[in-house]
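*Asks:* Only the shape, not the letters, is given here:
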């Protein structure tokens, strides 16, 4: 790591980089960027022009941030009064034009987190205290309110989003313009206006190597939760009885059991 007073390396001379910023030697920073004094940028990152990265923000390795993104600024929360908070971004993420990602708040644990290999397309917003896993795709304009938890391999279609405190399970799919206000279990596909569960994200599971038997088991689990007429606890008890022979049901059971806002129906 080096500070801006050392060899400028791949930092454009028209960028403004604070004295305290810690930047790996091979990081590329384009013209007219503003990098704050608490920012840490690890090896292999490429920052295009006109990007603002501020606050207590850490970018892991090999992230690509496109022009006009705003990363790590203050949370959009009226209760925020300048407390220390942070943003942690993992490795190999792609953050496209005009994406905004805010730091956390004290009430939400203080940290907004993104995992690895996520793809955030233009104009996406990740609000304060969100906890995102890895291999997520957020298409143009997708938006997450504060305190949203998102599992791995989730896809948000264009202009979809989630209300604050919602939980979206692994491999779920939210269709275009679908704004959910309740939790979505793992594997479930949501679409329509208002959005409703429409079955299992079978195509996504095929692409990720799930077998036909596993997908069939997940479909049957979906029917148990949504179509059997059982209460949630009763349905989950039935699914847990299958878990030894059908371990792929684990993420669906765990995400449904963790729901505090109620499952989207």
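*Replies:* That came in fine, so what should we check first? Computed from a predicted model, the values in this text were never measured in an experiment.

*Asks:* When you work out contacts or count neighbours from here on, use the C-alpha atoms and nothing else.
*Replies:* Will do.

*Asks:* domains of the chain?
*Replies:* For the chain, automatic domain parsing gives the domain ranges 16-147, 205-257.

*Asks:* Determine which stretch of those is the most buried.
*Replies:* Of all those, domain 16-147 has the most neighbours on average by mean count of other C-alpha atoms under 10 Å, namely a mean of 21.

*Asks:* centre of the chain versus that one, how much separation?
*Replies:* Chain-centre distance of domain 16-147: 11 Å, with C-alpha atoms, centre = their mean, to the nearest Å.

*Asks:* Between the two ends of that domain, what distance do you get?
*Replies:* Criterion C-alpha to C-alpha, to the nearest Å; first-to-last residue distance in domain 16-147 is 31 Å.

*Asks:* just stretch 166-174 next, same as before
*Replies:* For stretch 166-174, the first-to-last residue distance is 13 Å (C-alpha to C-alpha).

*Asks:* and that stretch, how far out from the chain's middle?
*Replies:* Remark: stretch 166-174 is offset 10 Å from the chain centroid, using C-alpha atoms, centre = their mean.

*Asks:* Reformat the domains of the chain as TSV; add mean pLDDT.
*Replies:* Output for these, formatted as TSV (pLDDT from 0 to 100):
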stretch	mean pLDDT
domain 16-147	97
domain 205-257	97
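
*Asks:* closest to residue 198 out of those?
*Replies:* Ranking these by proximity to residue 198 (C-alpha to C-alpha) places domain 205-257 first, at 9.9 Å.

*Asks:* thinking again about what came up before, reformat the domains of the chain as JSON lines; add distance to residue 169.
*Replies:* Shown next, in JSON lines, are the domains of the chain (distance: least, C-alpha to C-alpha, whole Å):
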{"stretch": "domain 16-147", "distance to residue 169": "10"}
{"stretch": "domain 205-257", "distance to residue 169": "6"}
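
*Asks:* quick one, which of these is nearest to residue 187?
*Replies:* Across the domains of the chain, closest to residue 187 is domain 205-257 (C-alpha to C-alpha), at 6.8 Å.

*Asks:* Identify all contacting residues around stretch 60-79.
*Replies:* 41-57, 86-87, 89-105, 127-128 (C-alpha atoms under 8 Å, 6 or more residues apart in numbering).

*Asks:* Try it again at 7 Å.
*Replies:* 41-55, 57, 87, 89-105, 127-128 (C-alpha atoms under 7 Å, 6 or more residues apart in numbering).

*Asks:* now swap in stretch 41-51 and tell me
*Replies:* Against stretch 41-51 from outside (C-alpha under 7 Å, 6+ apart): 22-24, 26-34, 58-70.
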